[in-house]
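[1] starting from these lines, generate the structure:
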Amino acid sequence: MSGTFASLRRSGWMKDTERKAKAGMYRFVVILFGIALLLGGFYIVFWTPGATERPPLPNAINQSE
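    All right, here's what the predicted structure looks like:
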């Protein structure tokens, strides 16, 4: 049985499987990185507080006097 496994390791079948596994892992990492970039972009654009558009309340204390 070990002879059969050894012959499979020497064949192109194992190398092809390893190449496919590496390509799949790279694709997985790239997809995760892309999702993280999208989430970061949405956070910066939509969920970070910006300058308020409301004018100050009329009964606010004027400290410039």
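
[2] which stretches of the protein form strands?
    Read by DSSP state E, the chain holds no strands at all.

[3] pLDDT-wise, which helix or strand of it ranks last?
    Lowest mean confidence among the helices and strands of the chain (mean pLDDT, DSSP states H and E): helix 2-10, at a mean of 56.

[4] what is the lengthiest helix in the chain packed up against?
    Taking DSSP state H as the criterion, the chain has its longest helix at helix 12-42. Packed against helix 12-42, as judged by 3 or more CB pairs under 8 Å, 6 or more residues apart in numbering; DSSP states H and E, are no other helices or strands. In this view, the C-beta of every residue, glycine as well, is placed from N, C-alpha and C.

[5] can you list the low-confidence ranges for the chain?
    Low-confidence segments of the chain (pLDDT under 70): 1-14, 48-53, 55-60, 62-65.

[6] repeat that with 90
    1-18, 43-65 (pLDDT under 90).

[7] circling back to that earlier point, tell me which residues in the longest helix of the chain are buried?
    By 16 or more other CB atoms under 10 Å, helix 12-42 has no buried positions at all.

[8] and Thr17, what does it touch?
    Thr17 makes contact with no residue, according to CB atoms under 8 Å, 6 or more residues apart in numbering.

[9] what separation do you get for it and Phe28?
    Thr17 sits 16 Å away from Phe28, going by CB to CB, to the nearest Å.

[10] got it, and Asp16?
    Taking CB to CB, one finds Asp16 at 19 Å from Phe28.

[11] next: Gly41.
    21 Å.

[12] what do you get for Val45?
    From Val45 across to Phe28, the span is 26 Å (CB to CB).
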